[in-house]
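> got a predicted structure here, sequence first:
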Amino acid sequence: MIDLSAKIRAIPDFPKPGILFRDITTLLRDGQAFQQAVDQMAGLCRQTEFDLIVAPEARGFIIGTPLAYALGKGFVPVRKTGKLPGKTRRASYKLEYGEDNLEIHEDAILPGTRVLVVDDLLATGGTIRSTVDLVIGLGGVVVGAAFLIELMDLRGREMLLGYPIHALIKY
């Protein structure tokens with residue numbers, strides 16, 4: 001077994017002073033480590049009953065898409081403003097270092113669809129909370145969330161109270 005946390009590079013003061021950025025590109029370039037990460041995340045999520053994985057741009061796609069494939073589920077992207085061609089719903093959120101918006105196609109999720117929300121990282125929880133809110137706004141049922149990394153000190157779990165949370169690597 002590969003120590004996946006050893007494959008993640010820590011970059012201080014990015015994107016601004018005081019932020020310690022967890023860079024997953026060093027894990028992604030190692031095919032065996034990436035495969036192991038997806039397989040282990042699939043193992044964490046396999047007992048959860050759901051229909052779709054929904055993941056926010058951009059690193060959420062990198063984790064969510066192969067996870068959906070591994071579990072035989074559909075995938076729905078949540079994108080930054082202006083990137084989706086159809087009618088969309090929008091949610092705003094705060095990051096550790098700024099503010100942004102996310103959008104989802106209005107017809108992406110049918111009412112009652114069970115959704116697992118996935119991202120590469122749970123930090124303050126703003127991005128994933130907005131994603132959850134978009135899913136709920138379309139009538140979807142969020143059954144949990146899964147992350148490659150969770151930054152425990154930033155307490156993002158508090159934004160997801162009541163939802164089961166799976167995190168492969170915790171700092």
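Alright, I've got the coordinates. Numbers count the residues shown, from 1 in each chain.
> pick out the residue nearest the middle of this protein.
D119 (1.2 Å; Cα atoms, centre = their mean).
> the helix or strand that one falls within pairs with which strands, parallel or anti?
Using DSSP states H and E, D119 falls within strand 114-122. Applying DSSP bridges to the sheet, strand 114-122 is found paired with strand 52-56 (parallel), strand 141-150 (parallel).
> the next helix or strand after the last one - what's its average pLDDT?
Meaning strand 141-150. Sequence order places strand 165-170 as the next helix or strand after strand 141-150, per DSSP H and E. For strand 165-170, mean pLDDT rounds to 98.
> and the angle from strand 165-170 to strand 141-150?
Between the axes of strand 165-170 and strand 141-150, defined by axes from the mean of the first three to the mean of the last three Cα atoms, to 10 degrees, the angle is 10 degrees.
> who's in contact with strand 165-170?
Contact with strand 165-170 is made by 4-5, 8, 37, 40-41, 44-45, 122, 144-150, 152, 157, as judged by Cβ atoms under 8 Å, 6 or more residues apart in numbering. Yep, even glycine has a C-beta here, placed from its N, CA and C like the rest.
> partners of that strand, with directions?
With DSSP bridges as the test, strand 165-170 is paired with strand 141-150 (parallel).
> list of residues touching the partner strand?
By Cβ under 8 Å, 6+ apart, the residues outside strand 141-150 that reach it are 8, 22, 24, 27, 37, 41, 44-45, 48-50, 63, 67, 112-122, 128, 132, 135-136, 156-157, 160, 163-171.
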